[in-house]
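# my questions concern the predicted model and sequence given below.
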Amino acid sequence: MGVEDKRGGFQVVKKAGRDVKKAVIPAAGLGTRFLPITKSQPKEMIPVVDKPTIQYVVEEAVASGIDDILIITGRGKRAIEDHFDRSFELESVLKKKNDLNAVAKLEMISKLADIHYIRQKVAAGLGHAVLCAEKHIGNNPFAVLLGDAITLSDNPCTKELIKHFNKLNSSVVAVERVPKEEVSRYGIIKAEKVDEYLYKVIDLVEKPAPKDAPSDLAMLGRYVLTPTIFETLAKTAPGLGGEIQLTDALKLLLEKEEIYAFEVTGPRYDIGNKVSWIKATIELALMSEEFGPELKAYLKELLN
């Protein structure tokens, strides 16, 4: 029997029984593509409309039924911890001003989930960041959500992956079709179709040249994985860029277990570079009841 709760604008469903209840959010990267913005603040704290990017990601995890989140951080990332912590001084000032709506928003952020932190002490890649979570995750299935992608839909992307994981008892990755000229930016899968939006993965390649890409199905930064991935990550040699790639570990996992891919058709916003971030900010602001009408009128005037 499910119990529904509203958090962060999503409909959260809490279910009885064993399920995917833990998530890992790697957030240790230096954010060099966003310099000079990221010289003194984490890339994950760059705002999209009125929330930092990582809050959208945490809200997706919570909306998918996850209540235990481990964020992998690095040096200079303290602002992430502060954001999800209580701010008693600020709340006190707002209460004196009788701004109870703002107080409620701040309290909601601090109560989203049980959030833990661990530092990735060396910049050794996404695979190494996930491996840092092994002791926290233990022998449990878990989700991985990258902080440079925002997915928005009535049924959250991670929740869809969990549904397929429970049915297949196998790791599931989210994919979307990308233009051929963009495949070198992603991990690309080779797969055979088993259902309308479901594929069985045959092979994976990290950031291939367009001529070498086995398909146009790109992994978009959402995964639900079996704990066996830690065993394969420990055996994964440094790959592209001299880093331990999660894609390479998944390729090793294929030798032991089946992996499936779920094709996402809902909106996804790439916060991986400045132009994509600007586009995401405009699109999400236009969707907002608070900002949309005024922004739409302004843009029409500006373009005319």
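Looks like it arrived, so ask away.

# next one: the helix or strand hosting residue 25 to chain centre, how far?
For residue 25, the host element (DSSP states H and E) is strand 22-26. The chain centre lies 8 Å from the centre of strand 22-26; the measure is Cα atoms, centre = their mean, to the nearest Å.

# and the end-to-end length of stretch 262-281?
Stretch 262-281 has its terminal residues 26 Å apart, counting by Cα to Cα, to the nearest Å.

# no wait, stretch 27-35
Note: stretch 27-35 ends 16 Å apart using Cα to Cα.

# what are the buried residues along it?
Using 16 or more other Cβ atoms under 10 Å as the test for burial, stretch 27-35 gives 27, 28, 29, 31, 34. Every C-beta, even on glycine, is put in place using the N, C-alpha and C of the backbone.

# contact partners of the helix or strand just after the strand holding residue 25?
Using DSSP H and E, the next helix or strand after strand 22-26 towards the C-terminus is strand 47-48. Applying Cβ atoms under 8 Å, 6 or more residues apart in numbering, the external contacts of strand 47-48 come out as 53, 56, 150, 269, 271, 277, 280, 281, 284.

# returning to what we had before: go through the buried residues of stretch 27-35 and say which is closest to residue 195.
Proximity of the buried residues of stretch 27-35 to residue 195 (Cβ to Cβ) peaks at residue 27, which lies at 32.9 Å.

# and the helices in the stretch 101-250 of the chain?
126-131, 134-137, 157-168, 228-235, 246-253 (DSSP state H, counting those that start in this stretch).

# out of those helices, nearest to residue 182?
Across the helices of the stretch 101-250 of the chain, closest to residue 182 is helix 246-253 (Cβ to Cβ), at 16.0 Å.

# the closest one - contacts with which helices or strands?
helix 126-131, strand 171-177, strand 187-193, strand 198-206, helix 228-235 (3 or more Cβ pairs under 8 Å, 6 or more residues apart in numbering; DSSP states H and E).

# JSON lines for these, including mean neighbour count?
Below are the helices and strands packed on helix 246-253 laid out as JSON lines (neighbours: other Cβ atoms under 10 Å):
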{"stretch": "helix 126-131", "mean neighbour count": "24"}
{"stretch": "strand 171-177", "mean neighbour count": "23"}
{"stretch": "strand 187-193", "mean neighbour count": "19"}
{"stretch": "strand 198-206", "mean neighbour count": "19"}
{"stretch": "helix 228-235", "mean neighbour count": "18"}
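
# can you redo the ones you listed as JSON lines with distance to residue 109?
Converted to JSON lines, the helices and strands packed on helix 246-253 look like this (distance: least, Cβ to Cβ, whole Å):
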{"stretch": "helix 126-131", "distance to residue 109": "24"}
{"stretch": "strand 171-177", "distance to residue 109": "25"}
{"stretch": "strand 187-193", "distance to residue 109": "31"}
{"stretch": "strand 198-206", "distance to residue 109": "34"}
{"stretch": "helix 228-235", "distance to residue 109": "30"}
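
# of all these, which lies closest to residue 39?
helix 126-131 (21.5 Å).

# summarise which helices and strands the closest one is packed against.
strand 22-26, helix 228-235, helix 246-253.

# what helix or strand is the residue nearest to residue 153 when sequence neighbours are not counted on?
With Cβ to Cβ, 6 or more residues apart in numbering as the criterion, residue 153 has its nearest non-adjacent residue at 3.6 Å, and that residue is residue 266. Using DSSP H and E, residue 266 sits within no helix or strand.

# any figure for the gap between residue 266 and residue 41?
29 Å (Cβ to Cβ, to the nearest Å).

# who's more crowded, those two?
Per other Cβ atoms under 10 Å, whichever of residue 266 and residue 41 has more neighbours is residue 41, with 16 against 13.

# ok now do the more buried one, which residues does it touch?
residue 79.

# and it, what pLDDT?
As predicted, residue 41 sits at a pLDDT of 88.

# how near is it to residue 130?
24 Å.

# return the distance of residue 265 relative to residue 145.
As judged by Cβ to Cβ, residue 265 and residue 145 stand 18 Å apart.

# how many residues are close by residue 161?
27.

# likewise the one 3 residues further on?
Here the number of neighbours of residue 164 (other Cβ under 10 Å) works out to 19.

# how about the nearest residue to it, chain neighbours excluded?
Spatial nearest neighbour of residue 164, excluding adjacent residues (Cβ to Cβ, 6+ apart): residue 172 at 4.7 Å.
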